[in-house]
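Asker: With the input below, show me the fold.
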Amino acid sequence: MKPLIALFSLTFLIGCGGDSTNPNLSLSNFIKPDYTFNESILKCNLAPDQTLSSVERFIPKLLDNLLQMKDRPDELYFLFPIIDEQTETQIFEILFKYSNLLTADSLSLILAELKFDDIAECIDTSFHKSLRLTNQTINSPSVIAEILECKYKAGYSYATMKLVIEQLTDALKNNNFFIDILYSESEMLPTSFQWTNIFSSMESRDDFVKSWQALKISEEIQGLLLEQS
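Answerer: Numbering: from 1, shown residues only. Coordinates of the predicted model:
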């Protein structure tokens, strides 16, 4: 299991509304994402008498128990939102990635056995299937995640977006950008998707944005992405 125990989440919403007359619908029946893992998210509220230190002290105990599981999660994240450049600690999410569907139930049982509900109240909010668009995994105890909640415009789907994604990943590879990108979908919301960019730090994110915007192809790819979602 990837021991990533602290993750700060920078969350943005992008405009995904609008209509399209593109009739290219049948492609979605043939071209599907090649998912590599599942994702589950627990949305948590810190108990009134608890602090971030309580969560930090709990994490090693959780990891010790998870490492004893046969079907343990591949990756585990604690997501704390950044609001006005300040980290919000009263609300957070626990995100875990896994290949075996039984893992989700096992994690919930471990949290209950360790009495995590004394520290925070959590509810299971979402389940996604995900794929990693880049071959880079950032192994750091603290990272920046930029999460975009998107919706396809009428007539578009992953099938039509796939070519744009390939253009993007080729550009990233050719210019040696170090960024971890995840694409996720929920079976309950087939016209929506989640796009996650992961950076090693806020500084690396700022450097990426500056360098990416300097490329001529970035404007073209951005336009194609916004055309479809």
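
Asker: from here on, contacts and neighbour counts on C-alpha atoms
Answerer: OK.

Asker: Let me see the confidence value for the most centrally placed residue in the chain.
Answerer: Taking Cα atoms, centre = their mean as the criterion, Thr196 is the residue nearest the geometric centre of the chain, at 4.4 Å. Turning to Thr196, the model gives it a pLDDT of 90.

Asker: Let's verify it: helix, strand, or coil?
Answerer: Reducing the assignment at Thr196 to three states with DSSP: H, G, I helix; E, B strand; the rest coil gives strand.

Asker: for the lengthiest strand in the chain, packing partners?
Answerer: For the chain, the strand with the greatest residue count under DSSP state E is strand 120-132. Secondary structure elements in contact with strand 120-132, counted by 3 or more Cα pairs under 8 Å, 6 or more residues apart in numbering; DSSP states H and E, are strand 37-46, strand 180-186.

Asker: List the buried residues in it.
Answerer: Ala120, Cys122, Phe127, His128, Lys129, Ser130, Leu131, Arg132 (16 or more other Cα atoms under 10 Å).

Asker: of those, the lowest pLDDT goes to which?
Answerer: Comparing pLDDT over these singles out Phe127 as the least confident position, at 81.

Asker: my read is Ser204 is in a helix, agree?
Answerer: Yes. Ser204 sits within a helix when classified using three-state DSSP.

Asker: Ends of stretch 136-146, what's the gap?
Answerer: Using Cα to Cα, to the nearest Å, the gap from the first to the last residue of stretch 136-146 comes to 16 Å.

Asker: Could you dump the helices and strands packed on strand 120-132 into a markdown table and include distance to Glu149?
Answerer: Below are the helices and strands packed on strand 120-132 laid out as a markdown table (distance: least, Cα to Cα, whole Å):
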| stretch | distance to Glu149 |
| --- | --- |
| strand 37-46 | 14 |
| strand 180-186 | 10 |
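
Asker: circling back to that earlier point, and the longest strand of the chain with strand 37-46, angle?
Answerer: Calculated by axes from the mean of the first three to the mean of the last three Cα atoms, to 10 degrees, strand 120-132 forms an angle of 160 degrees with strand 37-46.

Asker: what does strand 120-132 contact?
Answerer: 33-47, 50, 180-187 (Cα atoms under 8 Å, 6 or more residues apart in numbering).

Asker: Selecting buried members of those residues in PyMOL, what would you type?
Answerer: What follows is the PyMOL syntax for the buried subset of the contacts of strand 120-132, where burial is set by 16+ other Cα under 10 Å:
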select buried, resi 37+38+39+40+41+42+43+44+45+46+180+181+183+184+185+186
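
Asker: Distance from the chain centre to stretch 80-94, please.
Answerer: On the basis of Cα atoms, centre = their mean, to the nearest Å, the separation between the geometric centre of stretch 80-94 and that of its chain is 15 Å.

Asker: sorry, back to before: partner strands of the longest strand of the chain, parallel or antiparallel?
Answerer: Looking at strand 120-132 with DSSP bridges, its paired strands and their directions are strand 37-46 (antiparallel), strand 180-186 (antiparallel).

Asker: how many degrees apart are the helix or strand where Val164 lies and strand 180-186 in direction?
Answerer: According to DSSP states H and E, Val164 maps onto helix 158-174. Taking the same axes, to 10 degrees, one finds that helix 158-174 is oriented at 170 degrees with respect to strand 180-186.

Asker: these two touch, right, Phe92 and Cys44?
Answerer: Yes. With contacts counted by Cα atoms under 8 Å, Phe92 reaches Cys44, the gap being 5.3 Å.

Asker: list the residues that contact both of these two?
Answerer: Common neighbours of Phe92 and Cys44, counting by Cα under 8 Å, 6+ apart, are absent.

Asker: hang on, the earlier thing: buried residues, the helix holding Val164. List them.
Answerer: Buried residues in helix 158-174, counting neighbours by 16+ other Cα under 10 Å, are found at Tyr158, Ala159, Thr160, Met161, Val164, Ile165, Leu168, Thr169, Ala171, Leu172.
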